[in-house]
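1. How does the following fold in three dimensions:
(chains A and B)
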Amino acid sequence: MRRLSTIGLAAGMSVALLLSACGGGGESASSDASQAWTVPTSDPTASINVVGILDPKTDGMDNVVAAFEKEHPTIKVNYQHVPFDNLNSVLDSRITAKTGDPDVFWVDQPRVPALATRGYLEDLTSQLSDKTSGLQEATVTSSSFDKKLYSLPISNSTQILFYNKDLLDKAGVAAPSVDDASRITWQQLKSDAKSVQDKGGAQHGLLFGQPNRYYQLEPLPVSAGGGIGASGEGNLTPEINNEGWVKAMTYYGSLFSDKVTPRGIPAEQSDATFLAGKTAYMVEGNWMVGKLADSKLNWGAALNPVWEGGEPASPNGSWSVGMNPFSKNKEAAAIFMKWLAIDGESGYAKYRSYAELPANIEGLKSYLASSAFTGSEGGKQAAQVVKHETENTSVGRVSTVGYIEFEDIVGRAFSDIANGTDPKKALDSAQSQLVTAWKQYE
Amino acid sequence: MHPTVPVRHSLTRRQLRTAVLFLAPAVAAIVLLRLVPFLGAAWSTLFERAGVGLLAEERFAGFDNYVTLFGDPLFLNTLVRTIVFNLVINPVQIALAMAIAVLMTRRIPGRGIWRTAVFIPCTIPLVGSSIAWGVALRGDGPVNGILSALGIGPQPFLTSPTQALPSIILVASWVGIGYWMLFLIGGLNDINNEVYEAASIDGASGWRTFWSITLPLMKRPLLFVLVADTVANFVLFVPPQLLTNGGPEESTTLLMFDAYRRTYTYSQPNLGATSTLVLTLIMLLIVAIQFRLLRERD
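-> Residues are numbered from 1 along each chain as shown, chains lettered A, B, ... in the order given. Purely as a prediction, here's the structure:
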């Protein structure tokens, strides 16, 4: 009996292991983090740890690392793949351990203010801010916070409305346009999608590449006049239950309740679902172009939909690379980051097949000249869309230190709305949760 | 207890040294890996951060974190939900594991194959089986295909506030039942066959034998399974995190997930630790009650 109670107690105490993760890292941030360093002209001999969200094989990061090591033979890059959903918790535990590992890591651009405030990002202003003229300005802005450069942008993004030509033809529905003057509205898109389901035999009318994520859905409330989601000093006053947001999200919920958009297909499965050929339309990022070019689908591309009577809006932003303030190899890390983002067309854009839109201007030119964007009618349309949207309609995600909470809470509200919760109720609840979560920044 | 007392008195120095030597690694591991972090975390619930995140300086806050948590309706709902979830899932899992264990110790054809089939889910990492169940329970997934073929019609499962938690129970039990069954089979095989023979000579029915012989003699393995299963389900994390992210409408937010979200998403590690401490205390309380209820009379 006594032995059993010990076992029970020990098993109960296993929770303590998790507790230790929650309670760790209590010391101050003001250690020797801010040692002076420069970007040297000759390479040091070093080995750096890099954490990124790309798979070494299927996403081609092995090629990027090999190309860098060939050009900089004294610097060894140890690349570690961490899936997107785990990136934040991995960074939280590893950076706060203050061992300097990883030296370099992938940074989601809208999280720059949050990560910089938490002391996870080295200030790169004095070493690298004079070298960013070859990068698209919007991407440099979203890699900075409080007028300081905290990371180097490697990519940018936009969204495209893709469609299945065969299904649209079968239903006799006109294809959406690449011309800004006749840009399709969200309202028209819903009724067209329904027609393709009814007359063209499409299983799904409209898919979102990233369902329930703020990144892809932000243009809906923005275009409907509801704004980006927060206002005030430091964007710390949530604004997600105003009329524009409720209107936009009522529309979003109706897509699911009217069975135009299927419930329960996560982002990881949406591309494959569209490629299977039974879906009429899909709003997805530019990275879909390469996959479509390799497929047998008869596809086309059009501008992002606009809210009826509203202004067009499209998402932007993507990934940057940042430096761990506790890194013991800052100079080697800086050389790698500069090579990845700035040098020439940027190593990231040059050596990664299927890369996102490069943040590097020269890299972007070569990217849009590649066969995926020139080899087919759909590819050419996509190139036109990318150019038009990034230059004219792109709206950044809300820049706030509270972005991590914002994204999580808003994402859950979107998910509830898609699953049938009353939009006003879901947004009111999210608004009040956000007010509570943001109290710590007051 | 009596016979052990003189033995303990006669322990020689040598025996004592051997005992200490053998126990030391386990005790050291429990102290270093369990007690020290646990006490550290319990201590950290009395502090708050002067800034944001894990690198910010800490300052003493008394019981502020507890006041904050117990004043938060979301936390209170999560607390009640976690307790109700455990009051349902543990008896269900153990009853089914027991039923299957009894079945598997009978002389049924292909017993080895059945046992393996029930046990196989435990060998698959929970992450993998959660993803597979996520696909299976999709609106256009295979489970709904079968339900439609049977004329029941498709169900929303993980996307419905009323069905999501039962779906999580299904995923967790698919793994859990086979695992706990193994311990119970071990216990059943330990029961002396003569007791059953005596019962059958007395003309006891199958039910009567089960209630009066099998269950009382299974008290020890059942207690272990009950306690270990309760602990496992109180800290259940992977299925809600992967399949529902705590939704829809918070319906699958359990305490462990709440602690994770407070710590990592909301950057409030001290509140996260407080949430986990509350979880641990409730769990220990329930485990203590279980011990009391199943205590063997000397």
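
2. Look up how far A:Q159 lies from the residue nearest to the spatial centre of chain A.
-> By Cα atoms, centre = their mean, chain A has its centre lying nearest to A:S318, at 4.8 Å. According to Cβ to Cβ, to the nearest Å, A:S318 stands 12 Å off from A:Q159. Placement of C-beta: from N, CA and C, glycine included.

3. Over to B:S160?
-> 29 Å.

4. Repeat that for B:Y266.
-> 28 Å.

5. can you check A:D294 too?
-> Taken as Cβ to Cβ, the span from A:D294 to A:Q159 is 20 Å.

6. Name the residue in these two with the higher neighbour count.
-> A:Q159 (27 against 11; other Cβ atoms under 10 Å in any protein chain shown).

7. Please verify my assumption that the more buried one contacts A:G285.
-> Yes: at 5.9 Å, A:Q159 counts as touching A:G285 under the criterion of Cβ atoms under 8 Å.

8. anything in contact with each of the two?
-> A:209, A:216 (Cβ atoms under 8 Å, 6 or more residues apart in numbering or on different chains).

9. Nearest to chain A: which residue in the stretch 51-200 of chain B?
-> B:G53 (3.3 Å; Cβ to the nearest Cβ).

10. Can you read off the backbone torsions of that residue?
-> phi 90, psi 180 (degrees, to the nearest 10).

11. got the contact list for it?
-> So B:G53 contacts A:92, A:96, A:117-120, B:267 (Cβ under 8 Å, 6+ apart).

12. tell me which of those residues is nearest to B:E57?
-> Set against B:E57, the nearest of these by Cβ to Cβ is A:G119 (10.8 Å).

13. burial count for the closest one?
-> 22.

14. pLDDT score for it?
-> At A:G119, the predicted lDDT confidence score is 92.

15. Same check on A:G26?
-> At A:G26, pLDDT is 37.

16. any idea how far A:G300 is from the residue of the stretch 101-250 of chain A found nearest chain B?
-> Of the residues in the stretch 101-250 of chain A, the one nearest chain B is A:R118, at a distance of 3.3 Å by Cβ to the nearest Cβ. Noted for A:R118: a distance of 44 Å to A:G300, by Cβ to Cβ.

17. for chain B, where's the lowest mean pLDDT among helices and strands?
-> Taking mean pLDDT, DSSP states H and E as the measure, chain B has helix B:4-9 as its least confident helix or strand, at a mean of 51.

18. Just list whatever residues bridge to B:F47.
-> B:F60 (DSSP bridges).

19. do you know how far it is from A:T58?
-> 44 Å.

20. Which one of the two is surrounded by more residues?
-> The neighbour comparison of B:F47 against A:T58 (other Cβ under 10 Å) goes to B:F47, with 20 against 10.

21. Quick check, pLDDT for B:A164.
-> pLDDT, B:A164: 94.

22. Just the strands from the stretch 151-300 of chain A, written as ranges.
-> With DSSP state E, counting those that start in this stretch as the criterion, the stretch 151-300 of chain A has strands at A:152-153, A:155-156, A:159-164, A:204-208, A:230-231, A:237-238, A:279-285, A:299-302.

23. I meant chain B, not that one.
-> Ranges of strands within chain B are B:47-49, B:58-60, based on DSSP state E.

24. got a list of what B:A149 touches?
-> Shown in contact with B:A149 (Cβ under 8 Å, 6+ apart): no residues.

25. Distance-wise, check it relative to B:L165.
-> Using Cβ to Cβ, B:A149 is found at 26 Å from B:L165.

26. cool, and A:A334?
-> Taken as Cβ to Cβ, the span from A:A334 to B:L165 is 49 Å.

27. Can you get me a residue count around B:L150?
-> Burial of B:L150 is recorded as 8 neighbouring residues (other Cβ under 10 Å).

28. Pick out the residue nearest the middle of chain B.
-> B:A232 (2.3 Å).

29. got a pLDDT number for the residue nearest to that one when sequence neighbours are not counted?
-> Closest residue to B:A232 apart from its sequence neighbours, by Cβ to Cβ, 6 or more residues apart in numbering or on different chains: B:G176 at 7.1 Å. At B:G176, the model reports a pLDDT of 90.

30. Please apply the same query to A:I7.
-> The score at A:I7 is 42. That number is its pLDDT.

31. Would you tell me whether stretch A:265-276 gets close to chain B?
-> Yes: interface with chain B: stretch A:265-276 contributes A:265-266, A:269 (Cβ under 8 Å from any Cβ of the partner chain).

32. what comes up buried for that stretch?
-> Using 16 or more other Cβ atoms under 10 Å in any protein chain shown as the test for burial, stretch A:265-276 gives A:265, A:270-271, A:273-275.

33. show me the contacts for A:E308.
-> By Cβ under 8 Å, 6+ apart, the contact set of A:E308 is A:185-188.

34. repeat that for 6 Å
-> With contacts defined as Cβ atoms under 6 Å, 6 or more residues apart in numbering or on different chains, A:E308 is in contact with A:185, A:187.
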